[in-house]
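**Q** Any chance you can model this:
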Amino acid sequence: MGKGFAKALADTYPEAAQIYLDQPGYTLGQVIPWIGPDRIVLHLITQEKIQRKGEPRQRWVSYDAVRAAFAMIERGAARHLARQEGFFFDQPRLAIPKIGSDLGGGDWKEIEAIIEQEIASIQVVVYEL
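**A** Predicted coordinates:
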């Protein structure tokens, strides 16, 4: 969590970062939630490595993991909306950075298309740092 969005997140919400760091292991496509007093953070496990300074650019992000993580989010959001309770019912949107496209080396257009295919129940807001 020393670079990019992960660093900014850890600096702002250290408890959210700790939940991620305390995990005994990760599975690509996994979603690790942290529910804070005024914010919910979903850690999406979409790559095993990141781009290191001086290394040739390559793709570390797994598009299958991106698809699995967003499919999981969609299932949760749809349940919340159907039950009319839960954090996606209270606030039916997801704010994300351009996940996997910087240090993950992925093609944002491809990742964006996956998100659009998987998410139907809530609004997705994409921003850049």
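**Q** hmm, who's touching the helix-or-strand element of the chain with minimal mean pLDDT?
**A** Lowest by mean pLDDT, DSSP states H and E among the helices and strands of the chain is helix 87-90, with a mean of 79. For helix 87-90, the surrounding residues in contact (Cβ atoms under 8 Å, 6 or more residues apart in numbering) are 35, 40, 76-77, 80-81, 83, 121-122. From N, CA and C alone the C-beta is placed, and that goes for glycine too.
**Q** between the residues you listed, which is nearest residue 96?
**A** Checking the contacts of helix 87-90 against residue 96 by Cβ to Cβ gives residue 122 as the nearest, at 11.3 Å.
**Q** pretty sure that closest one contacts residue 95?
**A** No. With contacts counted by Cβ atoms under 8 Å, residue 122 stays clear of residue 95, the gap being 10.6 Å.
**Q** more crowded one of the two?
**A** Neighbours per residue (other Cβ atoms under 10 Å) separate residue 122 from residue 95, with residue 122 holding more: 19 against 11.
**Q** Please report how far residue 61 lies from residue 67.
**A** 11 Å (Cβ to Cβ, to the nearest Å).
**Q** Between those two, point out the one with more neighbours.
**A** Neighbour count, other Cβ under 10 Å: between residue 61 and residue 67, residue 61 has more, with 24 against 17.
**Q** and the more buried one, what is it in contact with?
**A** Contacts for residue 61 (Cβ under 8 Å, 6+ apart) come out as 46-47, 99-101, 104-106, 111.
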